[in-house]
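Chemist: need coordinates for the below:
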Amino acid sequence: MRGDETDPTGGRDPRKIARRSLDGAFRRSTHWLRTFRPFTAWLEGLSPHGPFVGQLDIAATELRRLGREIGRIPESSLTAPQRMMLWQVAAWTRTQRKWLATTVTSGSAVLETVLLGCVCLEEDDENELDPRLVEDYLVGLLRSTDPEARRPTITPRGRTILRLAARHGLRRLVDELDRGLVEHPPLGTIHAPTPPGVPDLKPQVVVDTLLRAVREHAAASGRSHRSSPNFRRLVADGVLDVSATISYLADRLNPPWLADGLRLPRIRRGGPAATLLAPHAFFRYAKGAGDVFHRPVPIDTTGDPDRDLRAQVLMIAHEVLPGHALHHQQAVSSLGLEHAAVLRDGHGVEGWAVWAEGLVSVSLPEMVETVLWFRVKRLLPLAMAALRHHRGHDAARRLLVEVARASPTLFTAAPAGHQLRVTNGAYGAAYLRTLELLGEPVNWTAPRANRAWLRAYLGAGGMSPERSAVVADVMTNPVTFHN
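Modeler: Alright, predicted model coming up:
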């Protein structure tokens with residue numbers, strides 16, 4: 001028995017035992033991630049374990065063992081923030097089980113893992129990944145899938161992934177995949193996926209939020225939003241200067257409550273695989289302040305250069321400040337890199353980043369129309385999916401017509417490289433959950449929260465918005481809102 005688990009009467013302290021069990025669950029979760037999903041671990045800033053294990057049956061066995069261990073931790077012996085962490089790591093195990101189930105039955109899911117592997121090999125500047133081990137892992141992963149699933153339907157994107165794999169020397173994997181490829185089915189057989197959380201959303205709330213954004217966009221599009229001279233200095237030879245943009249955002253949007261000041265991420269030019277994963281920019285939750293990968297995109301001089309520039313600036317704001325990089329800095333400062341990697345929830349991190357885009361237009365009025373366009377981009381697919389699910393296809397079509405009539409430029413003046421598409425619905429669901437908690441952003445405060453609360457919310461590690469809010473409530477109780 002450890003001495004620090006003993007109370008003054010000689011008995012065992014259940015609170016310390018529960019805390020140690022929770023810490024152990026985090027250690028085993030990160031070990032599982034590094035071993036069975038090494039590319040995801042790399043993107044989360046964790047060093048993958050090698051040799052990697054690509055056998056899904058072993059991964060499933062280890063995950064079941066971890067789930068049983070988590071289930072035995074007594075919630076009554078934990079503090080409220082610790083209970084939120086326990087519930088979030090339990091949710092993380094469920095997410096991994098879904099990944100396993102999808103990978104077993106879907107060769108296309110294996111192709112997406114191949115893409116992540118190519119991104120890691122392409123951008124691994126610290127030589128953490130051995131290409132031979134990467135290929136062994138991917139071949140093992142492929143052979144663990146259902147035999148029928150080894151014949152993935154191949155899209156142009158899939159062909160590109162295979163070319164990238166061949167470029168990185170993964171010939172054995174490419175040969176094995178290429179033997180079983182099935183060409184892409186006719187377009188009529190493809191069904192758009194329903195964004196996560198749609199069955200639980202109240203369709204009228206989604207529609208009302210969307211239409212409010214549409215009306216605001218229509219009003220903003222009728223005003224002049226020509227970029228200021230300072231804003232235009234962010235462009236050099238027709239290409240956005242990402243370093244200058246991040247410095248500009250840091251100067252305008254640096255939150256006043258950062259005790260140690262904002263640490264800026266490394267700026268890295270994304271290669272072909274990284275560009276396929278995220279065409280404009282993406283943030284890697286790496287050691288230190290993280291990495292931001294970007295693709296220099298020329299401004300569309302045949303359209304509206306200012307509009308395209310503002311869209312690129314908003315993408316950097318989403319990925320860096322006040323979006324993912326700021327969230328990452330607060331989470332790592334509060335919890336450490338490994339805990340943050342497991343606690344991070346898609347609704348938590350993307351909901352924050354989309355919500356925080358609104359701060360850009362508060363500080364930079366010329367960005368108002370751009371912020372609203374992207375808000376509609378996230379909400380329209382979600383609203384249509386919610387209406388289809390609850391009220392049928394006709395209701396969804398009527399909504400689309402209403403949006404197009406209310407603000408036609410949503411469809412006729414999209415920023416270069418962007419379009420309205422169904423996959424943005426997941427971002428919309430995350431935004432709605434965050435908006436419900438935080439209200440509209442106003443100068444680094446929110447109707448619900450003072451600055452200390454907001455700092456604690458971000459420090460909760462990117463858990464679901466509801467759990468992050470509980471942690472912030474406890475850490476700053478009593479909460480008093482100050483303007």
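Chemist: hang on, L262 in a helix?
Modeler: No - using DSSP: H, G, I helix; E, B strand; the rest coil, the assignment for L262 is coil, not a helix.
Chemist: how about the contacts made by Y457?
Modeler: Applying Cβ atoms under 8 Å, 6 or more residues apart in numbering, one finds that Y457 lies in contact with L438, A449, S468, A469, V471, A472. Where C-beta positions appear, they are placed from N, C-alpha and C, glycine not excepted.
Chemist: mind checking the SS state of it?
Modeler: helix.
Chemist: any idea how far it is from A385?
Modeler: Counting by Cβ to Cβ, to the nearest Å, the gap between Y457 and A385 amounts to 28 Å.
Chemist: quick one: contacts for E135?
Modeler: Applying Cβ under 8 Å, 6+ apart, the residues near E135 are G169, L170, R172, L173.
Chemist: which of those residues fall within helices?
Modeler: R172, L173 (DSSP state H).
Chemist: wait, G238 sits on I299?
Modeler: Yes - assessed by Cβ atoms under 8 Å, G238 is found in contact with I299 at 5.2 Å.
Chemist: more neighbours: these two, which one.
Modeler: I299 (20 against 12; other Cβ atoms under 10 Å).
Chemist: show the pLDDT at the more buried one.
Modeler: You'll see I299 listed with a pLDDT of 70.
Chemist: centre of the chain to stretch 67-87, how far?
Modeler: Here stretch 67-87 is found 25 Å from its chain centre; the criterion is Cα atoms, centre = their mean, to the nearest Å.
Chemist: do the same with stretch 345-355
Modeler: 7 Å.
Chemist: now the contacts of E135: which count as buried?
Modeler: L170, L173 (16 or more other Cβ atoms under 10 Å).
Chemist: which of the contacts of E135 sits closest to R269?
Modeler: When the contacts of E135 are ranked by distance to R269 (Cβ to Cβ), G169 comes first, at 21.7 Å.
Chemist: so that closest one makes contact with P131?
Modeler: Yes - with contact defined as Cβ under 8 Å, G169 reaches P131; the gap is 5.7 Å.
Chemist: quick one: low-confidence ranges for this protein?
Modeler: Scanning the chain with the threshold set as pLDDT under 70 gives 1-11, 147-154, 179-201, 224-225, 259-260, 300-302, 421-424, 445-449, 478-483.
Chemist: all strands for it, in order.
Modeler: For the chain, applying DSSP state E gives strands covering 153-154, 182-183, 235-236, 239-240, 266-269, 281-284, 291-294.
Chemist: can you put these in TSV and add distance to P74 and mean neighbour count?
Modeler: Below are the strands of the chain laid out as TSV (distance: least, Cβ to Cβ, whole Å; neighbours: other Cβ atoms under 10 Å):
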stretch	distance to P74	mean neighbour count
strand 153-154	47	18
strand 182-183	50	10
strand 235-236	58	15
strand 239-240	52	18
strand 266-269	42	14
strand 281-284	36	23
strand 291-294	39	24
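Chemist: TSV please, covering those strands and showing distance to W87.
Modeler: Formatted as TSV, the strands of the chain follow (distance: least, Cβ to Cβ, whole Å):
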stretch	distance to W87
strand 153-154	37
strand 182-183	40
strand 235-236	46
strand 239-240	41
strand 266-269	33
strand 281-284	25
strand 291-294	30
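Chemist: out of the ones you listed, which comes closest to C120?
Modeler: Comparing the strands of the chain by Cβ to Cβ, strand 281-284 comes nearest, at 9.8 Å.
Chemist: counting by contacts, list what the closest one packs against.
Modeler: The contact analysis (3 or more Cβ pairs under 8 Å, 6 or more residues apart in numbering; DSSP states H and E) places strand 281-284 against strand 291-294, helix 305-319, helix 324-335.
Chemist: if we use 6 Å, what do you get?
Modeler: Other helices and strands packing on strand 281-284, by 3 or more Cβ pairs under 6 Å, 6 or more residues apart in numbering; DSSP states H and E, are strand 291-294, helix 305-319.
Chemist: now what about that strand, what contacts it?
Modeler: Residues outside strand 281-284 that contact it (Cβ atoms under 6 Å, 6 or more residues apart in numbering): L43, G290, D291, V292, F293, H294, M315, E319, H324, A325.
Chemist: that one - which strands sit beside it in the sheet, and in what orientation?
Modeler: Paired with strand 281-284 in the same sheet, following DSSP bridges, are strand 291-294 (antiparallel).
Chemist: convert the C-alpha atoms of the partner strand to PDB, please.
Modeler: C-alpha atoms of strand 291-294 as PDB (Å, rounded to 0.1, in the frame of the first residue of the first chain):
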ATOM      1  CA  ASP A 291       2.100  23.600 -35.800                       C
ATOM      2  CA  VAL A 292       0.000  25.200 -38.400                       C
ATOM      3  CA  PHE A 293       0.200  23.800 -41.900                       C
ATOM      4  CA  HIS A 294      -1.000  25.900 -44.800                       C
END
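Chemist: contact partners of it?
Modeler: 242, 265-268, 270, 274, 281-284, 319-320.
Chemist: the helices and strands packed on strand 281-284: which one's closest to S108?
Modeler: Among the helices and strands packed on strand 281-284, the nearest to S108 by Cβ to Cβ is strand 291-294 (23.7 Å).
Chemist: before we move on, back to that, most surrounded residue in the contacts of Y457?
Modeler: S468 (29 neighbours).
Chemist: from E128, how far out is T93?
Modeler: The value you get for T93 to E128, if Cβ to Cβ is used, is 25 Å.
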